[in-house]
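> Sequence first, predicted model second:
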Amino acid sequence: MIYYYCRTSGNRKKMTKAQVEQYIEMGATEDEIIVEYDSGYDEDRKKLKLMLSKLQEGDFIYCKDVSRLTRNGRDDCEKIINHVHRKGATIYFYFLDMNSKNDTNEILEKAIDETYIYNNHSKKIKKGLEKMKKRKEMKQGKRKDDDVIAKAIADYNNGRSEYQKVDICKKYNLSRPTFDKYLKIYTDQQKNEKLLQR
């Protein structure tokens, strides 16, 4: 039997559709295509486990590349390949043009490379998203925690000679420009309140 396995994280239908279309071009029928929406880090994927349990001598699994099979690196990839070989089956990674019988070492190296690239890429994306969120908050005028700023300003006003601005900023983990900005806002508010009282 021939199996065509495709996996995407979450419900990425466009990505899955592209993999399914590729399999149909290769001659697959809809019944032979196994579509799984799950993380490549999850070792307990139901459809993958079911497919692996059904394997028999001479069966063939088509898979786009190593990352579709697993994102857990060399060990998990090797475990899956060994299981497939024990059953007498073969995995063909068509994007890499490699099969598990002849190219096992190269496939395992790809598993290491892809895991490293994916993990670093994910970290960069997370950092980028965090930076974008901070920029957006700054543009929207969201302040650092109001309590922290209020305490910093109160400390500064209560003992100007005792605390210098630099010490206040260190104590409350504020940058000097941020502290100056909110100190000015506070000072202006105080002046306006005094004018209104006259």
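Yep, it's here.
> Kindly list the single helix or strand of this protein that scores lowest on mean pLDDT.
Ranked by mean pLDDT, DSSP states H and E, the weakest helix or strand in the chain is helix 104-139, scoring a mean of 64.
> Following that helix in sequence, what is the next regular element?
Using DSSP states H and E, the helix or strand that follows helix 104-139 towards the C-terminus is helix 146-158.
> per the record, what domains does this protein have?
For the chain, the structural domains run 2-119, 146-197, going by automatic domain parsing.
> and among these, the most buried is which?
Across the domains of the chain, averaging neighbours per residue (mean count of other C-beta atoms under 10 Å) puts domain 2-119 on top, at a mean of 16. C-beta: built from backbone N, CA, C; applies to glycine.
> got the angle between the one helix or strand T187 maps to and helix 146-158?
Using DSSP H and E, T187 sits in helix 176-197. Here the directions of helix 176-197 and helix 146-158 differ by 80 degrees (axes from the mean of the first three to the mean of the last three C-alpha atoms, to 10 degrees).
> Just list what the top strand by length along the chain packs against, helices and strands only.
When the chain is parsed with DSSP state E, its longest strand is strand 2-8. Applying 3 or more C-beta pairs under 8 Å, 6 or more residues apart in numbering; DSSP states H and E, one finds that strand 2-8 contacts helix 13-25, strand 33-37, helix 46-54, strand 60-63, helix 66-69.
> same thing but at 6 Å, please
Other helices and strands packing on strand 2-8, by 3 or more C-beta pairs under 6 Å, 6 or more residues apart in numbering; DSSP states H and E, are helix 13-25, strand 33-37, strand 60-63.
> which residues are contacting the last one?
In this structure, residues lying in contact with strand 60-63 by C-beta atoms under 6 Å, 6 or more residues apart in numbering are 2-5, 69, 90-94.
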